[in-house]
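> Predicted model and sequence follow; I will ask about them next.
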Amino acid sequence: MNVPSRPPGADPALETVAAYGRIALAWRAARQEGTGEPVGRLPSFVEGLAPGARVLDLGCGCGEPVAAWLSERGFTVLGVDASPALISLARSTVPEARFLTGDMRSVRLEGRFQAVVAWDSLFHLPRDQHPQMLRRIAAWLEPEGRLLASFGGSDHPGFRAPMLGETFFYSGFEPRHTLRLLDWAGLEVEHWEISDASSLGHLTVLARRRDEPTTDRPGGPEGERE
Ligand SMILES: C[S@@+](CC[C@H](N)C(=O)[O-])C[C@H]1O[C@@H](n2cnc3c(N)ncnc32)[C@H](O)[C@@H]1O
């Protein structure tokens, strides 16, 4: 279902968060039975991080598998998610991590992180909010701090799709545009790949924060999309 524009006041990301809340237990069960992504990527992602390094799990869901994996290896994990139901599950599943209920677009976090994981959460935001969200992530990272993130892999202003009886909003840019946004935000892309190219695509990115974001332009990089 296409979503060309938003009526005033409507926030598809928060509608989606509410939907996650209604299916919290079923979502956790589905996640446990699923591919386990991105756990296979985590060993190389954390390689070289100091013991106990601070890692932010942004849009952490029920805390599994990412926060759990990181906590088991002694990292100091903060999980943030806007769904109170999922945060409650995360707290009981991963008691050694800290979890905060908050909207990633406005939550205030203290201190910096050596790494951020934002797995399958950014694509729930309207895409005009992606540039500033990436700037926020860059600001949370220490210089040289690393990001593992996934995005929608196609140029789509917004669509809704069903899952477990509820409806979820997604948006995305064509991959090269997302890579440009990351660069604009001060995040140097070290690796990217597209999976699931047969459907609407799924872009995985590993990036590292440069010393400072490159520009003060407020809205994101201008210009053409390829
Ligand atoms: C597909 S789930 C992924 C959860 C987790 N990262 C994982 O890998 O299982 C997307 C998550 O993003 C969260 N989310 C979506 N929009 C958000 C927002 N604006 N702020 C915080 N969390 C958000 C949802 O509540 C949900 O838990």
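Structure's in. What do you need?
> check contacts around the residue of the chain found nearest the ligand.
Of all residues in the chain, residue 61 sits closest to the ligand, at 2.8 Å by C-beta to the nearest ligand atom. From N, CA and C alone the C-beta is placed, and that goes for glycine too. Residues counted as contacts of residue 61 (C-beta atoms under 8 Å, 6 or more residues apart in numbering) are 20, 27, 28, 31, 81, 83, 86, 90, 121.
> Of those, which belong to helices?
20, 27, 28, 31, 86, 90 (DSSP state H).
> Kindly state the pLDDT recorded for the first one?
Think residue 20. pLDDT for residue 20: 98.
> List the contacts of it.
27, 61, 83, 85, 86, 166, 168.
> any idea which of the ones in helices among the contacts of residue 61 is closest to residue 76?
Closest to residue 76 out of the ones in helices among the contacts of residue 61 is residue 90 (15.2 Å), distances taken as C-beta to C-beta.
> isn't that closest one right up against residue 65?
No - counting by C-beta atoms under 8 Å, residue 90 does not reach residue 65; the two are 11.4 Å apart.
> These two: which is more packed in?
residue 90 (29 against 19; other C-beta atoms under 10 Å).
> contacting residues for that one?
60, 61, 62, 63, 64, 67, 79, 81, 97, 99.
> Distance check, the first one against residue 43.
Counting by C-beta to C-beta, to the nearest Å, the gap between residue 60 and residue 43 amounts to 19 Å.
> of those two, who's got more company?
Set side by side, residue 60 and residue 43 show more neighbours around residue 60, with 28 against 10, by other C-beta under 10 Å.
> Show the pLDDT at that one.
For residue 60, the predicted pLDDT is 98.
> Check the secondary structure at the nearest residue to it once chain neighbours are set aside for me.
Excluding its sequence neighbours, the residue lying closest to residue 60 (C-beta to C-beta, 6 or more residues apart in numbering) is residue 79, at 3.3 Å. Here residue 79 is strand, with the state taken from DSSP: H, G, I helix; E, B strand; the rest coil.
> What number of residues are in the vicinity of residue 79?
29.
> Tell me the pLDDT of residue 217.
Residue 217 is given a pLDDT of 56.
> for the one 5 residues further on, same thing?
pLDDT recorded at residue 222 is 58.
> got it, and residue 211?
We have a pLDDT of 82 for residue 211.
> one step back: now do the same contact list for the residue nearest to residue 60.
Counted by C-beta under 8 Å, 6+ apart, residue 79 has contacts 56, 57, 60, 63, 67, 87, 90, 94, 97, 98, 99, 100.
> Tell me who's in contact with residue 56.
Here residue 56 is in contact with 77, 78, 79, 80, 109, 113, 115, 116, 117, 140 (C-beta under 8 Å, 6+ apart).
> The residue nearest to residue 60 and residue 66, how far apart?
Per C-beta to C-beta, residue 79 is found 8 Å from residue 66.
> List the beta-bridge partners for the closest residue to residue 22 other than its chain neighbours.
Spatial nearest neighbour of residue 22, chain neighbours left out: residue 166 (5.9 Å); criterion: C-beta to C-beta, 6+ apart. Residue 166 has the following beta-bridge partners by DSSP bridges: residue 163.
> Please work out how many residues are found near residue 166.
Using other C-beta under 10 Å, residue 166 has 16 other residues around it.
> nearest spatial neighbour of residue 18, skipping sequence neighbours?
Closest residue to residue 18 apart from its sequence neighbours, by C-beta to C-beta, 6+ apart: residue 83 at 7.7 Å.
> check contacts around the one you found.
17, 18, 20, 21, 24, 61, 101.
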